[in-house]
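J.: Need the 3D shape of this:
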Amino acid sequence: MAEVNPAETIAGQTDQAFKEKVEELSGGKIKIDLHCSGILGDVDSVMALMLKPNSTIHIQRMSAVNMAMYGCKKSSLLSVPFTFSSKEHFWRFVNSDSAQKILDEPLEIGLGLKGLFFGEEGFRHFFSTKKISGVEDFKNLKVRGTNDKAMQGMLEGLGATSVPVNYADLLPALQTGVIDAAEQPIANYLANHFYAVAPYMIFDGHTLGIMETIITKECWDSLSENQQKILIEAGKYASDFCRKLSKTEEKRVKYALLKEGVTLTNVSDITPWQEACSQVIKEGSRQDYDLYREILNYARAKK
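T.: Predicted structure coming up:
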């Protein structure tokens, strides 16, 4: 099992919870050999291996939005800016049929992968080498971009210049001025010491850091029905573990960042941000508008 983040992060701890529960429920007959901190490679190189026959890597925890780069249109809905209004909104979605549709999509399109479960690392926020107080400060700012269309569209709407930088090169890119800003959940921002060179963060919460754990179809099919049920049950356990951990970690991380002297800026009115991203929101939701409306509707708790 591959994990790009350090073991102490929300992602790493969620992986460990999944590993331990699988081994417990199987009586030690199934073992998860977990490798954190990108030891097995970055997300794309691991994915390239997983898509080949007889892959030696069977499971990966990755950003759910990355699945869109491999033809998963339903997954791309999760990267549309300002889709989730709160963490409670997201977790209501996770425990719904809508979430299962997205987990099942890689198999349905013949990608050779299966989604096991979701998690979250907290809302993603921009951090920078110079203070950002609002949307107006993004004009001509060099921001780390990805191949994700939603990210590209968001940066364009904000008036920023998108610069492609691998995750492993993010710290030196900020240090040398290749980029002025990037975005991550605050737990990753702290764990990877990005604050050391980019000590300003604005809590815009443009997207939620949604995690998806996937398994190769080849590995999945090699398991008995009972073993498959064990992985699903362990996934539900790890997902719930993640929900609780993310809630407590956010408070701890904010306090730790303030101790490090980081300038944290709150956003009192998200409207200008939504307006700047209106075009990418409109285009992104077109991938499957009915499913997108379902996801939005989970913002309201059922009475």
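J.: For this protein, just list every one of the helices.
T.: For the chain, the helices defined by DSSP state H occupy 10-25, 43-50, 73-76, 87-94, 97-108, 149-158, 170-176, 186-191, 217-222, 225-259, 271-276, 278-285, 289-297.
J.: Show me what the second one is packed against.
T.: The one in question is helix 43-50. strand 59-63 (3 or more C-beta pairs under 8 Å, 6 or more residues apart in numbering; DSSP states H and E). To be clear about C-beta, it is placed using only N, CA and C from the backbone, and glycine gets the same treatment.
J.: ok, and for the strand it packs on, which residues are buried?
T.: Within strand 59-63, the residues that count as buried by 16 or more other C-beta atoms under 10 Å are I59, Q60, R61, M62, S63.
J.: One more: stretch 221-240?
T.: For stretch 221-240, burial by neighbour count (16+ other C-beta under 10 Å) applies to Q227, Q228, I230, L231, A234, G235, Y237, A238, S239, D240.
J.: Would you check that the fourth one makes contact with L223?
T.: Yes - distance between L231 and L223: 7.2 Å, which falls inside the contact criterion (C-beta atoms under 8 Å).
J.: Now list whatever residues contact both of these two.
T.: By C-beta atoms under 8 Å, 6 or more residues apart in numbering, L231 and L223 have these common neighbours: I30.
J.: Now do the same for L51: its pLDDT.
T.: For L51, the pLDDT comes out at 97.
J.: any idea how far it lies from C72?
T.: 13 Å (C-beta to C-beta, to the nearest Å).
J.: With E275 instead?
T.: Separation of E275 from C72 (C-beta to C-beta): 28 Å.
J.: ok, the two, which is more surrounded?
T.: A direct count of neighbours by other C-beta atoms under 10 Å for E275 and C72 places C72 higher, at 24 against 12.
J.: Give me the neighbour count for the closest residue to that one other than its chain neighbours.
T.: Distance criterion C-beta to C-beta, 6 or more residues apart in numbering; nearest residue to C72, sequence neighbours excluded, is E105 at 4.9 Å. Neighbour count for E105, taken as other C-beta under 10 Å: 20.
J.: need the contact list for E105.
T.: Residues in contact with E105 (C-beta under 8 Å, 6+ apart) are M67, C72, K73, K74, S75, G115.
J.: ok, the third one - how many residues close by?
T.: Counted with other C-beta under 10 Å, the neighbours of K73 add up to 15.
J.: how about L34, what does it touch?
T.: By C-beta under 8 Å, 6+ apart, the contact set of L34 is M1, E3, D15, Q16, K19.
J.: redo that, cut-off 10 Å
T.: Contacts for L34 (C-beta atoms under 10 Å, 6 or more residues apart in numbering) come out as 1-3, 7, 12, 15-16, 18-20, 40, 59, 61.
J.: Farthest-apart pair in the residues you listed, please.
T.: The largest separation in those, counting by C-beta to C-beta, is between E20 and L40 at 19.5 Å.
J.: Those two - which one has more neighbours?
T.: L40 (19 against 16).
J.: Just list whatever residues bridge to the closest residue to the more buried one other than its chain neighbours.
T.: With C-beta to C-beta, 6+ apart as the criterion, L40 has its nearest non-adjacent residue at 4.2 Å, and that residue is A2. In this entry, A2 is beta-bridged to H35, Q60, by DSSP bridges.
J.: Per-residue pLDDT of A2, please?
T.: With respect to pLDDT, A2 scores 98.
J.: how close does it get to A191?
T.: Here A2 is placed at a distance of 17 Å from A191 (C-beta to C-beta).
J.: Which one of these two is surrounded by more residues?
T.: Between A2 and A191, A2 has the larger neighbour count (other C-beta under 10 Å), namely 25 against 19.
J.: Check the gap between the closest residue in space to F117 that isn't next to it in sequence and F241 for me.
T.: Spatially, and ignoring its direct neighbours in sequence, F117 is nearest to G235 (3.3 Å; C-beta to C-beta, 6+ apart). Applying C-beta to C-beta, the value for G235 to F241 is 10 Å.
J.: Next: S98.
T.: From S98 to F241 the distance is 22 Å (C-beta to C-beta).
J.: what residue ranges in the stretch 101-250 of the chain score low on pLDDT?
T.: Along the stretch 101-250 of the chain, segments meeting pLDDT under 70 are nowhere present.
J.: go again using 90 as the cut-off
T.: Scanning the stretch 101-250 of the chain for pLDDT under 90 picks out the ranges 140, 145-151, 166-168, 185, 187-188, 191-192, 247-250.
J.: Between G235 and F241, which contacts overlap?
T.: F18, K21, G119.
J.: Neighbour count and distance to K130 for these - can I get that in a markdown table?
T.: Shown next, in a markdown table, are those (neighbours: other C-beta atoms under 10 Å; distance: C-beta to C-beta, whole Å):
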| residue | neighbour count | distance to K130 |
| --- | --- | --- |
| F18 | 28 | 39 |
| K21 | 20 | 44 |
| G119 | 28 | 32 |
